[in-house]
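Student: only geometry, no sequence info:
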């Protein structure tokens, strides 16, 4: 139980701290990502779902400072990087925070 509370606290602190980073990152890449996704020939609804479903895994990744990884999170990071050229230069931790900041 104590471990759960510590993890939850770290996640909340990580979300609060990363909100400004994610907002600025989203602001600089919003045009590129929408242009990239509209230029692709396939549907991105499955990719969007994959990224949304990786949110819990992203929270664990951020809370553990990058030590907890999952296949679902790895797949979501790959999708984000494929869609947004600016994301290719971002760290996994920054992208996990970006997943957490999405509504």
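Tutor: Arrived safely. Small disclaimer: the values here were computed from a predicted structure and weren't measured.
Student: tell me which residues in stretch 61-72 are buried?
Tutor: By neighbour count on 16 or more other C-beta atoms under 10 Å, the buried set for stretch 61-72 is 61-63, 72. For every residue, glycine as well, the C-beta is placed using N, CA and C.
Student: Nearest residue to residue 54 in space, please, no chain neighbours.
Tutor: Closest residue to residue 54 apart from its sequence neighbours, by C-beta to C-beta, 6 or more residues apart in numbering: residue 76 at 3.6 Å.
Student: give the contact list for the one you found.
Tutor: With contact set as C-beta atoms under 8 Å, 6 or more residues apart in numbering, residue 76 has these partners: 50-51, 53-54, 57-58, 99.
Student: Residue 95: how many residues sit nearby?
Tutor: Residue 95 has 24 neighbouring residues, counting by other C-beta atoms under 10 Å.
Student: Report the contact partners of it.
Tutor: 77, 80-81, 87.
Student: Reformat these into a markdown table and put pLDDT and secondary structure next to each item.
Tutor: A markdown table is the format used below for the contacts of residue 95 (pLDDT from 0 to 100; DSSP: H, G, I helix; E, B strand; the rest coil):
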| residue | pLDDT | secondary structure |
| --- | --- | --- |
| 77 | 96 | helix |
| 80 | 95 | helix |
| 81 | 96 | helix |
| 87 | 94 | helix |
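Student: Scan the helices and strands of this structure for the one with the lowest mean pLDDT.
Tutor: helix 2-39 (a mean of 45; mean pLDDT, DSSP states H and E).
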